[in-house]
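J.: Provided below for reference: sequence and predicted model.
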Amino acid sequence: MFFIVASLIALLTLAYLVASGFVRVVRYFWGWLSSGEKIDGLAGDAPSAASGAATDSAPSTASSAASPAPAAPFSKPKLTQAELSAYLDKMHLGWYQVVILFIVGCMAGLLIEEIWMLITAGLTESRVGLIWGPFSPLYGTGTVFLTVICYQLHKHHANSLVIFLVSVVVGGTLEQLTGWGMQEIFHSESWTYAHLPDAITQWVAWRFLGFWGILGLIWCRVIMPRALYKIGEPTSKRQAIFVTLLTVYLVADITMTVACLARKAQRDAGIPPTNAFEMWVDNHYDDSFVSARFQNMTFTSPDSPDKS
């Protein structure tokens, strides 16, 4: 018992140190991106009310104007809930915020799922959804959809019940379409709720619909306003270039993952490669790679009677 407790404490301590180090690196890297050449002369994207108040209250000395203290990465004035709401009403939600939120959602969702499976089932397996990087696109897509929809709900001052119900519909639809698409297109399965007593379909269950609703409510009321405020809008060319490169990387990652899984399904059906690209995919992403990379994914033959 003592060994188990000590191991758990050591594991949590290590996880905390790794997470703290990662956050520190990200903060300083983003600070470097922010310090680059400004876009159209922009110096920042904090709300004018907050920045104006800070400017009015600061002493206007010649020395401070000549050599302002460098701002710490992600440092922005703390806003009240009303100021955050006003900021969201004025900001433009575009590709810049969407790409960053997709990346964060992919990584955070994967981490939460890994921890959940370790605690509830004692499983330590790779549950990634793309061939490159620690990403689970289901959670990234859910984060983006929830953000876009909750952003509109926020602007229309929707109540908590509406946010909860909309989040349930978004989460359930996303799980159903993803599970069905993987089965029909790639003849694969990453999860199933068929064994649960509250299963609605093979990929949707009432308990997880409730989870999506609660998650959407927390995201819309607590996390999203602060996350969008922290992300802000691109103010330097370095930020815009970096997020553009991230976008290209994600498109390539998703494209190669689709090609990899498509060839896996074709190989299982006995279909040989028909061009040089498919031969390259077969050589570099064969069955052993797919099994090792997507450990929670099972594949069935297109004509298998067990296909469900």
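T.: Looks like it arrived, so ask away.
J.: distance of Trp280 from Met256?
T.: Counting by Cβ to Cβ, to the nearest Å, the gap from Trp280 to Met256 is 11 Å. Where C-beta positions appear, they are placed from N, C-alpha and C, glycine not excepted.
J.: quick one, which of the two is more surrounded?
T.: For the pair Trp280 and Met256, the greater number of neighbours falls to Met256 (16 against 13), based on other Cβ atoms under 10 Å.
J.: now do the more buried one against Gln152, distance only.
T.: Distance, Met256 to Gln152, by Cβ to Cβ: 33 Å.
J.: quick check, pLDDT for the residue most central in space within the chain.
T.: In the chain, the residue lying closest to the centroid (Cα atoms, centre = their mean) is Gly105, at 1.4 Å. You'll see Gly105 listed with a pLDDT of 88.
J.: contacting residues around it?
T.: 139-144 (Cβ atoms under 8 Å, 6 or more residues apart in numbering).
J.: for burial, what's the neighbour tally of the closest residue to it other than its chain neighbours?
T.: With Cβ to Cβ, 6 or more residues apart in numbering as the criterion, Gly105 has its nearest non-adjacent residue at 2.8 Å, and that residue is Thr143. Residues lying near Thr143 (other Cβ under 10 Å) number 24.
J.: Thr143 reaches Ile100, doesn't it?
T.: No: contact between Thr143 and Ile100 fails when scored by Cβ atoms under 8 Å: they sit 10.1 Å apart.
J.: shared neighbours of those two, anything?
T.: When contacts are counted by Cβ under 8 Å, 6+ apart, Thr143 and Ile100 have no shared neighbour.
J.: which strand or helix spans Ala15?
T.: In this structure, Ala15 is located in helix 2-34 according to DSSP states H and E.
J.: quick one: list the elements packing against that helix.
T.: helix 237-268 (3 or more Cβ pairs under 8 Å, 6 or more residues apart in numbering; DSSP states H and E).
J.: good, wrapping up.
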